[in-house]
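Asker: The amino acid sequence is not available; the structure is as follows:
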């Protein structure tokens, strides 16, 4: 299982920052996915799984592909327990403001 | 001792951005991460607002017919909007800007006032416009069709919530929720446990790692010549939608998707909306103009 850690190469961080949002967001997504897979026994089945390793250098193209894959994955939440109606108070609201 | 969600500090900040009230909640977050999230949302607003003459969207609309250099974020925004148009067979259409303006939504909503002037003559819109947007990701340019106009509307808020969530997660924050006027992205740990509880219509929905958005006709209204208007334009009539559905909430894997499908389902009307949501593969709630709530199977209350 991929350990979750911040990017360890200063050069990568600099390049990520220089490359702008897409790469930064993609690395974040990869981090979130790794965290998700650590928390769950099985990877999420929403079509988001992307083979990029945290803490290792990734090309801009790989990172952009990761971002795209995450954003364009299947919309359906089909993980067990990912969506339920509950009787407890909300943390936030989707009412338009 | 294990650190539980209950013992993690929760940072919450509300502020105005993108013409809405945003709320960013970070579980186990640091003030620096919150500052970065707020700054990022304001930056995206500067790029995407159609009410700022120097925004990238304003430049796109002003130079329709020619390739316009834009940031990677804007390439992504327009590309996903075009995908949304395709996935919903054109029911979601981000190129209805002329009809939105014709309905009177010509300024930031906070500055919008009732006007007595009747609507001008019927707007004209080519339903193929969105498919004719030329996106060159390598060159970083977008060309709208000549005479076309792009309205980032709700998808801009949804995508901003997705991207800022990703940015914050990159800082190692274990959970959070970026909510921009009801379009939200929640990930990781919630304030109480591993779920985020979201108030939607008449119930509370618990989600993990999801985007949620609501399209509704009851907010963002104004009056033109005595007629109540709202900002959700029906591409078949080019007028504010009047389908009998007053609000649709969708839960999807990303907020931009939820926004696209919520608006498209609202345009379906209350009778067809749930079937369309099922066909598109998302869950949701539909409120009609008599206050009745229809839902997809997983959002039904347990007896």
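Answerer: All right, it came through fine. Treat the numbers as computed from the prediction; the structure is a model and nothing was measured.
Asker: for stretch B:191-204, which positions count as buried?
Answerer: For stretch B:191-204, burial by neighbour count (16 or more other Cβ atoms under 10 Å in any protein chain shown) applies to B:191, B:192, B:195, B:196, B:197, B:198, B:199, B:200, B:201, B:203, B:204. For every residue, glycine as well, the C-beta is placed using N, CA and C.
Asker: right, and the third one touches residue B:206 too?
Answerer: Yes: contact status for residue B:195 versus residue B:206: in contact at 4.3 Å, counting by Cβ atoms under 8 Å.
Asker: Surely residue B:199 forms part of a strand?
Answerer: Yes: Residue B:199 forms part of a strand when assessed by DSSP: H, G, I helix; E, B strand; the rest coil.
Asker: Which residues are in contact with it?
Answerer: Residues in contact with residue B:199 (Cβ atoms under 8 Å, 6 or more residues apart in numbering or on different chains) are A:90, A:92, A:93, A:94, A:95.
Asker: these two touch, right, residue B:41 and residue B:20?
Answerer: No: counting by Cβ under 8 Å, residue B:41 stays clear of residue B:20, with 10.3 Å between them.
Asker: can you list residues touching both of these two?
Answerer: Here residue B:41 and residue B:20 share the contacting residues residue B:180, scored by Cβ under 8 Å, 6+ apart.
Asker: Now the residue nearest to residue B:20 when sequence neighbours are not counted, what are its backbone angles?
Answerer: Among residues not flanking residue B:20 along the chain, residue B:181 sits closest, at 2.7 Å (Cβ to Cβ, 6 or more residues apart in numbering or on different chains). Main-chain dihedrals, residue B:181, degrees, to the nearest 10: phi 60, psi 30.
Asker: tell me the contacts of residue 82?
Answerer: As the question left the chain open, I've gone with chain A. The contact partners of residue A:82, by Cβ under 8 Å, 6+ apart, come to B:207, B:208, B:209, B:210.
Asker: meant chain B actually
Answerer: Going by Cβ under 8 Å, 6+ apart, residue B:82 touches B:94, B:130, B:131, B:133, B:135.
Asker: okay, it: pLDDT?
Answerer: Note for residue B:82: predicted pLDDT of 96.
Asker: for the one 5 residues further on, same thing?
Answerer: Note on residue B:87: pLDDT of 94.
Asker: Close to chain A: what parts of the stretch 201-303 of chain B are there?
Answerer: Taking Cβ under 8 Å from any Cβ of the partner chain as the measure of proximity, the stretch 201-303 of chain B contacts chain A at B:203-210, B:212-216, B:219-220, B:249, B:251-254, B:256-258, B:261, B:280-283, B:298-302.
Asker: what do you get if the cut-off is 7 Å, keeping everything else the same?
Answerer: Residues of the stretch 201-303 of chain B lying near chain A by Cβ under 7 Å from any Cβ of the partner chain: B:203-210, B:212-214, B:216, B:219, B:249, B:251-254, B:256-257, B:261, B:280-283, B:298-299, B:301-302.
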